[in-house]
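In: what would the 3D arrangement of this be:
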Amino acid sequence: MQDVHENEQDLRQRIEELGPWFHNMQLEGVETAPEHFLGDYPSFKWKGFERVVPEDLSGRTVLDIGCNAGFYALEMKRRGADRVVAIDSDPRYLAQAELASRVRDLPLELREMSVYDVAELKEQFDLVIFMGVLYHLRHPLLALDLIREYAARDLLLFQSMQRGASTTMEPERDYDFDDPSLFEDPSGPCLHFIEHNFAGDPTNWWAPNRAAVEGMLRSSGFAIKEHPEAEVYLCRCADRPWGAELPPVLRR
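Out: Residues are numbered from 1 along each chain as shown. Reported below is the predicted structural model:
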C-alpha cells in the first residue's frame, strides 16, 4: 500500500508541475483541473455531442489539431482508432497529453506543430478534430483550407466560439455592389475581429457568428453532416466551390 500512496503522490506532483490545465481529466482518480471555471470541462461538453462520432473507430486514423491535454485524442483511442496523431504548438500541453496518455495506457503520437504545418505530416486522416482552435488563429480560413487540402480524408469534427446572431440566412449567389442587404442582416455571416484581449486572452482574434462558421466550412469544402449542439459540427469532405482553391505558393 505504501508504494501505491507514493505513486499517487508522484502523480499529483507531476500534474501540479505541468499546470495549469485547461482539460480537467481523471488520471488514476486524480483530477487535473478540479477548480476549472467551466466545471468538469471538457467531459460535460463531450457528453453533448459524442453520439455523432462513430463508437467504433477500428481501422481508422485520427488527427487532433490543437489537442491541448489530449482529452479528445484519448477518447478516439479509447474508441479503438488504429492511430491517433495529436498536435499542438504549446509544448506544455503536449507534456500534459503525454502524461495522460501514459497513465491511461492509450498511446498517442504527439507532435509539436501548428495547423499551418499539417502538410508536413504527408498523410490524410479518416477523422480530423479541430475544436476550440479557429478563433485563436490570425488566419482562420487558411487553416480550414489547409486541413481540407492536406489532412482530411473523410470527417471533420469542428467547434468554434460563436458570438452574434445564432440564426442564419440563405445567401444569394451574388449581390449588386450597391446592395447592402448582406451586411445589414444580423443573420448574415459576420466575423468579428478582436484587436486586443477577449476574456483575458490575447490569442482570441475572432468571434464569428453561426452563419460565418457554417459559410467558412462550406467554402473550404466541408459539408455539414450533423449539428448536435451549439458551436459543434460534424462535417464530411466535399467539393470546394469555385475560387476557393489554394494558391500555388501554398501547394506542396
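In: can you show me the helices along the protein?
Out: 2-17, 43-47, 71-78, 91-104, 140-146, 181-184, 210-219 (DSSP state H).
In: mind listing what's buried in the fifth one?
Out: When you say that, I think you mean helix 140-146. Applying a neighbour-count criterion of 16 or more other CB atoms under 10 Å, one finds 140, 143-146 buried in helix 140-146. (Glycine included, C-beta is placed from N, CA and C.)
In: which one of those residues is nearest Ser166?
Out: Closest approach between those and Ser166, by CB to CB: Pro140, at 19.2 Å.
In: now the closest one. Nearest residue, chain neighbours left out?
Out: Distances taken as CB to CB, 6 or more residues apart in numbering place Leu134 nearest to Pro140, at 4.8 Å, with adjacent residues excluded.
In: same deal with Phe22?
Out: Asn68 (5.5 Å).
In: relative to Glu229, how far out is that neighbour?
Out: Per CB to CB, to the nearest Å, Asn68 is found 19 Å from Glu229.
In: before we move on, what about Ser220?
Out: From Ser220 over to Glu229 (counting by CB to CB), the distance is 21 Å.
In: likewise for Ser187?
Out: Separation of Ser187 from Glu229 (CB to CB): 19 Å.
In: how about the strands in the stretch 151-252 of the chain?
Out: 152-159, 191-193, 206-208, 222-229, 232-237 (DSSP state E, counting those that start in this stretch).
In: with distance to Gly48 and mean pLDDT added, can I get these in a markdown table?
Out: As requested, the strands of the stretch 151-252 of the chain are exported to a markdown table (distance: least, CB to CB, whole Å; pLDDT from 0 to 100):
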| stretch | distance to Gly48 | mean pLDDT |
| --- | --- | --- |
| strand 152-159 | 11 | 98 |
| strand 191-193 | 25 | 96 |
| strand 206-208 | 20 | 97 |
| strand 222-229 | 5 | 97 |
| strand 232-237 | 7 | 98 |
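In: contacts only, for Ser160.
Out: Listed by CB atoms under 8 Å, 6 or more residues apart in numbering, the contact set of Ser160 reads 132-135, 208, 213, 231.
In: about what we covered before: of Ser187 and Glu229, which one has the most company?
Out: Per other CB atoms under 10 Å, whichever of Ser187 and Glu229 has more neighbours is Ser187, with 16 against 13.
In: any weak-confidence spans in the chain?
Out: The chain contains residues with pLDDT under 70 at 1-6, 249-250, 252.
In: and Ile129, bridged to which residues?
Out: Asp64, Leu157 (DSSP bridges).
In: next, count neighbours for it.
Out: Neighbours of Ile129 using other CB under 10 Å come to 25.
In: does it touch Glu75 like I think?
Out: No. Contact criterion CB atoms under 8 Å: Ile129 and Glu75 do not qualify, at 9.4 Å.
In: do I have it right that Leu108 meets Leu94?
Out: No. Shown here, Leu108 and Leu94 do not form a contact pair, counting by CB under 8 Å, at 9.5 Å.
In: neighbour count: the two, which is higher?
Out: Taking other CB under 10 Å, Leu108 and Leu94 do not tie; Leu108 has more neighbours (25 against 22).
In: which ones are touching the more buried one?
Out: Leu108 neighbours (CB under 8 Å, 6+ apart): 67, 70, 73-74, 77, 84-86, 97-98, 101.
In: what about the closest residue to it other than its chain neighbours, distance to Ser181?
Out: Leaving aside its sequence neighbours, Leu108 sits nearest to Ser101 (CB to CB, 6+ apart; 4.6 Å). Note on Ser101: its distance to Ser181, by CB to CB, is 51 Å.
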